[in-house]
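Engineer: sequence plus the predicted model coming up.
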Amino acid sequence: MIVADTNLLGYLLLGGPEASLADRVFRRDPEWAAPVLWRSELRSILAGFMRVRRLATSDAVGVHAEAERLLAGREYAVRASSVLELVVSSPCTAYDCEYVALAQQLSVPLVTWDKEVLHAFPRVAISPSAFVGGRA
């Protein structure tokens, strides 16, 4: 199991320049977990795609449903104290720290492209390329 950030989820389901790498991460470990926050973050990504008319509303709803299936049973609430302790000890946002806190809670890696998170939490966070290269 891994904790997948929303960008990883978005590339897997929507395509884009990192879609191939996201697919390789999924093939290496298809059991993805995320904090409940992923739902709002993915809806924000979908809204952006819809606004530039690259995605119809019905297609966006379908992508969201596919994400729900992918994460079914592996969505977690994260304790506020865990997130806020990570915020104080890093330059990362509370949003990013939710993913870090969940990875720590589950004792699994957080797979992310976020350079700030990778730098601040090297024991938990790993880049997709390092993950598929076997460093997890």
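Structural biologist: Happy to help now that I have it.
Engineer: where are the low-confidence patches of this structure?
Structural biologist: For the chain, the stretches flagged by pLDDT under 70 are 134-136.
Engineer: can you pull out the strands in it?
Structural biologist: 2-4, 32-35, 75-76, 110-111, 125-126 (DSSP state E).
Engineer: who's in contact with the first one?
Structural biologist: Defining contact as Cβ atoms under 8 Å, 6 or more residues apart in numbering, one finds that strand 2-4 is touched by 25, 29, 31-35, 99, 102-103, 106, 108-111, 131, 136. Any C-beta I mention is one placed from the backbone N, CA and C, and that applies to glycine too.
Engineer: kindly recompute the last result at 6 Å.
Structural biologist: For strand 2-4, contacts defined as Cβ atoms under 6 Å, 6 or more residues apart in numbering pick out 29, 32, 33, 34, 99, 102, 103, 108, 109, 110, 111.
Engineer: parallel or antiparallel, which strands does that strand pair with?
Structural biologist: Next to strand 2-4 in the sheet, as set by DSSP bridges, lie strand 32-35 (parallel), strand 110-111 (parallel).
Engineer: mind putting the ones you listed into JSON lines with distance to residue 54 and mean neighbour count?
Structural biologist: Shown next, in JSON lines, are the strands paired with strand 2-4 (distance: least, Cβ to Cβ, whole Å; neighbours: other Cβ atoms under 10 Å):
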{"stretch": "strand 32-35", "distance to residue 54": "24", "mean neighbour count": "24"}
{"stretch": "strand 110-111", "distance to residue 54": "25", "mean neighbour count": "28"}
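Engineer: right, so of those strands, which gets closest to residue 11?
Structural biologist: Ranking those by proximity to residue 11 (Cβ to Cβ) places strand 110-111 first, at 11.1 Å.
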